[in-house]
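Trainee: need the 3D shape of this:
(chains A and B)
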Amino acid sequence: MTATARPSGSASSRTGVPRTPDASLERAELGSARRRPAGHRFRTRVLTPYAMLAPAILLFLAFMAAPIVYTVVLSFQRVQVQGLGLGSGARKTVFAGFSNYVAALDAEFLASVGRVLLYGLILVPTMLGLALLFALLLDSKRSRATRFSRLVIFLPYAVPGVIASLLWGFLYLPAVSPFYFVTDALGLDAPTILSSDLIVFGLANIGLWGGVGFNMVVIYTSLKAVPSDIYEAARLDGCSEIQIALRIKVPIVFPALVMTGLFSLIATLQVFAEPTTLRPLTNALSTTWSPLMKVYRDAFTRDDLGAAAATSVIIAIVTLTMSFVFLRIVQKRAFGQED
Amino acid sequence: MHSIKRGIAATVAVAALALTGCSAGGGGSDGPVELDFWAWAPNVDKVVEIWNEQNPDIQVTVQKQDGGDPVITKLLTALKAGSGAPDLIQAEYQKIPTLVSSDALADISGDLDSDVADEFADGLWSSVTLGSDAVYAVPQDSGPMMFYYREDVFEELGLEVPTTWDEYAEVAAAVHASDPSRYLGTFSANDAGWFAGLAQQAGASWWSIDGDAWGVDIDESPTQQVAEYWGGLVEQGVIDNKPMYTPEWNAGLNDGSQVGWLSAVWAPGVLSGNAADTAGLWRAAPMPQWDADAPATGAWGGSSTAVTTQTEHQAAAAEFATWLNTDPEAVAAMADVMGIYPAATDAAAEALTTSPEFFSSQEDFYDVAAEAADSIAPFTYGPNVNVTFSAYNDEFSKAAEAKTTSAFLDAVAAMQQITVDDLENTGFTVE
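Mentor: Presented below is the predicted three-dimensional model:
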């Protein structure tokens, strides 16, 4: 979608755009030069863009850059206590070097990364597969009530993760769940989802329920951007609808799939709300089930901000690196023909 | 043009009024002292109303909190931020060492009359002084543990109320045998305070102060004994292994699949909220004993009223905390509308004459409670209770899933290790 628009757009910015403002500026200078001194004009020209950018820059510094810098500072600090540690002045903050980082990479953290990777491995392919399937179905010529279906598939995305987890938590608890009520009535032995073996599927299911709709809309939108003459040509050549879907539509939406895949991957690494909400309901989730839960526990249960900050920095660096490498590899393949 | 100017002038005037209004509300030199009180006990605001009517000079505002853990997190965060902390806070006893160690609680010994200490049992008073000359809080309520059971189910099955843990195990087996969906209770890996209370009864004290060093005594025989006992019951399957306070557990209390609950004196409030259909069917009894000749009781919950170090009105805050927890009218109101068991011994005995509504069929409810409160075993909390309690959640979750006695004992050993490691890493002296 953006790919087709880019070459022409960038060409015009390289050639056409700079010329026009220059010309208009020259005209404006001729008109205003008689009244205003040159220095004032220069100042206005240089300062105006900065003045206009200032709110955005200030907000970015205050709410993005400053917290990140502060987190990095905290990650090199730790609390040092003397003796019994009671009363005022018993604890002080000292420089910790890299000790928080060394301590952060413990077995607990690595285990939580492993669990989240498994979670992502279950969730992301299933979610993108279903999203692609729904998008193709909605885009096919014979589908009916597409607007209604699209809304219904998208609707769970509008439910906040915590609420979704509570809803599903009730459905997973045998004593209060209609699912188990039905399976009991039928005499079936339904598996306990809130057990240590199956909990990861239960969590992936919540993510799936909430995520399919959003990804479906992204893929569906890029399908809608495809000019219909391609399909007509394919039909003239004797393509069936399934062949059109597999050989034309899927390759065309591949860049969109890459994008949604990347976003989903980052989201799974940061899973927090779902396991945190389900944790009080079951013995199967520890307080360090996901990396971010460990950060939360260190910061707010153990009151160890240094460890929490160091783990956060590690997670941020890993996420950034993964996104960057992943994007570079896939970009070469997906957008290769355009460069 | 004129109307725009007038509009701007009006806006500025309103903004100025709003600003001055705000700063006057902050409690300057004129007007009443305004105190913020973070508390989670239900209906505490109704008791505070009595104070506000009688004391126009010191007005207290209750800000309702989610519970004992979140409120500590919020307080410590506000203290680090340098502002936003309240003047007064409801603090559970086990949180006091942590808060004192974080310099969150003011020493109010200078603001209290010397006879305040006499109102409370020695064990409770020592947990607000940490055995020092300082006073970090005024005890509010205590949570002696008691055993609650469904009298109708016990009658139906012809069971006697267990007085020892051996009998409890037999009754648990009999209840489960009568119907596989029925349990006498559950081992909850989510409630570290509950397990600490059970260990306290068996004679454990998880921390100790020895001169200038902390001792950690979790992995010792009393706690091991309790873990082994419950691990055995879970392994046999006669006790449920699901956490308390879940929708499932609530449903179980209500529909009779949870036939008993080892809880504390505040249980009637929880039961009437979660299992309203069973009113009048429950009865309270003392905890089962390890040694019937030497009865002991653990405590689960119980909290105090503390003054934070960020307050600008320490004397006024201490005055309110004293009134709330010792004044006969306030104590009676706490017992009545809040449904808690006040810590002030004499005032409580005077106030608590009729049983809670949910237990109206049991006339001696508060006699049982008073007996339990009298036999609470001593227990010392340490400065990293939060670490130990979260270790309990994680380690006993694994054990309850594994359903083996050995896993329960491993969990106790892991709690000890995690607690000691944390103290040493932070720099505490550990013996």
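Trainee: wait, what's in contact with B:Asp336?
Mentor: B:Ala351 (C-beta atoms under 8 Å, 6 or more residues apart in numbering or on different chains). All C-beta atoms are positioned from the backbone trio N, CA, C, and that covers glycine.
Trainee: got the phi and psi for the closest residue to B:Ser375 other than its chain neighbours?
Mentor: Sequence neighbours aside, B:Thr297 is the residue nearest to B:Ser375 in space, at 4.6 Å (criterion: C-beta to C-beta, 6 or more residues apart in numbering or on different chains). Here the main-chain torsion angles of B:Thr297 (degrees, to the nearest 10) amount to phi -140, psi 150.
Trainee: who are the packing partners of the lengthiest helix in chain A?
Mentor: Using DSSP state H to define each element, chain A has its longest helix at helix A:107-139. Applying 3 or more C-beta pairs under 8 Å, 6 or more residues apart in numbering or on different chains; DSSP states H and E, one finds that helix A:107-139 makes contact with helix A:146-154, helix A:199-224, helix A:250-269, helix A:291-296.
Trainee: TSV for the ones you listed, including mean neighbour count, distance to A:Asn100 and mean pLDDT?
Mentor: Putting the helices and strands packed on helix A:107-139 into TSV (neighbours: other C-beta atoms under 10 Å in any protein chain shown; distance: least, C-beta to C-beta, whole Å; pLDDT from 0 to 100) gives the following:
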stretch	mean neighbour count	distance to A:Asn100	mean pLDDT
helix A:146-154	14	42	89
helix A:199-224	21	29	92
helix A:250-269	18	20	84
helix A:291-296	23	12	95
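Trainee: how about the ones you listed in TSV, adding distance to A:Pro67?
Mentor: Output for the helices and strands packed on helix A:107-139, formatted as TSV (distance: least, C-beta to C-beta, whole Å):
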stretch	distance to A:Pro67
helix A:146-154	32
helix A:199-224	26
helix A:250-269	19
helix A:291-296	14
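Trainee: as CSV, the ones you listed with distance to chain B would be great.
Mentor: As requested, these are exported to CSV (distance: least, C-beta to the nearest C-beta, whole Å):
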stretch, distance to chain B
helix A:146-154, 27
helix A:199-224, 10
helix A:250-269, 21
helix A:291-296, 10
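Trainee: residue 185 - how many residues pack around it?
Mentor: Using chain A here. With neighbours defined by other C-beta atoms under 10 Å in any protein chain shown, the count for A:Ala185 comes to 8.
Trainee: should've been chain B
Mentor: Residue crowding around B:Gly185 was assessed by other C-beta under 10 Å; the count is 24.
Trainee: need phi/psi at it.
Mentor: Recorded main-chain torsions at B:Gly185 are phi -180, psi -180, according to degrees, to the nearest 10.
Trainee: I'd say A:Arg150 and A:Leu223 touch.
Mentor: No - between A:Arg150 and A:Leu223 no contact is recorded; they are 12.0 Å apart, counting by C-beta atoms under 8 Å.
Trainee: which residues in the stretch 301-431 of chain B form helices?
Mentor: According to DSSP state H, counting those that start in this stretch, the stretch 301-431 of chain B carries its helices in the segments B:314-326, B:328-333, B:345-351, B:365-374, B:385-402, B:405-426.
Trainee: and of those, who's closest to chain A?
Mentor: Comparing the helices of the stretch 301-431 of chain B by their distance to chain A (C-beta to the nearest C-beta), the top pick is helix B:385-402, with 4.1 Å.
Trainee: okay, that closest one in CSV with CA atoms only?
Mentor: Coordinates of the C-alpha atoms in helix B:385-402 are reproduced here as CSV (Å, rounded to 0.1, in the frame of the first residue of the first chain):
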residue,chain,number,x,y,z
VAL,B,385,8.3,-9.6,54.8
ASN,B,386,7.2,-8.6,51.3
VAL,B,387,10.0,-10.8,49.8
THR,B,388,9.2,-13.7,52.0
PHE,B,389,5.5,-13.5,51.3
SER,B,390,6.0,-13.3,47.6
ALA,B,391,8.4,-16.3,47.8
TYR,B,392,5.6,-18.1,49.7
ASN,B,393,3.2,-17.4,46.7
ASP,B,394,5.7,-18.7,44.2
GLU,B,395,7.1,-21.7,46.1
PHE,B,396,3.9,-23.0,47.6
SER,B,397,2.1,-22.5,44.2
LYS,B,398,4.5,-25.0,42.8
ALA,B,399,4.1,-27.3,45.9
ALA,B,400,0.3,-27.2,45.7
GLU,B,401,0.4,-28.1,42.0
ALA,B,402,2.8,-30.9,42.7
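Trainee: how many residues are close by B:Glu49?
Mentor: If you count neighbours by other C-beta under 10 Å, B:Glu49 ends up with 14.
Trainee: show me what contacts it?
Mentor: Contact criterion C-beta under 8 Å, 6+ apart gives no residues in contact with B:Glu49.
Trainee: quick one: it from A:Ala96, how far?
Mentor: Separation of B:Glu49 from A:Ala96 (C-beta to C-beta, to the nearest Å): 48 Å.
Trainee: circling back to that earlier point, mean pLDDT for the helices of the stretch 301-431 of chain B: which is lowest?
Mentor: Ranked by mean pLDDT, the helices of the stretch 301-431 of chain B bottom out at helix B:345-351, which scores a mean of 80.
Trainee: what does that one contact?
Mentor: By C-beta under 8 Å, 6+ apart, the list of residues contacting helix B:345-351 from outside reads B:119-121, B:326-328, B:331-332, B:334-336, B:341-342, B:370.
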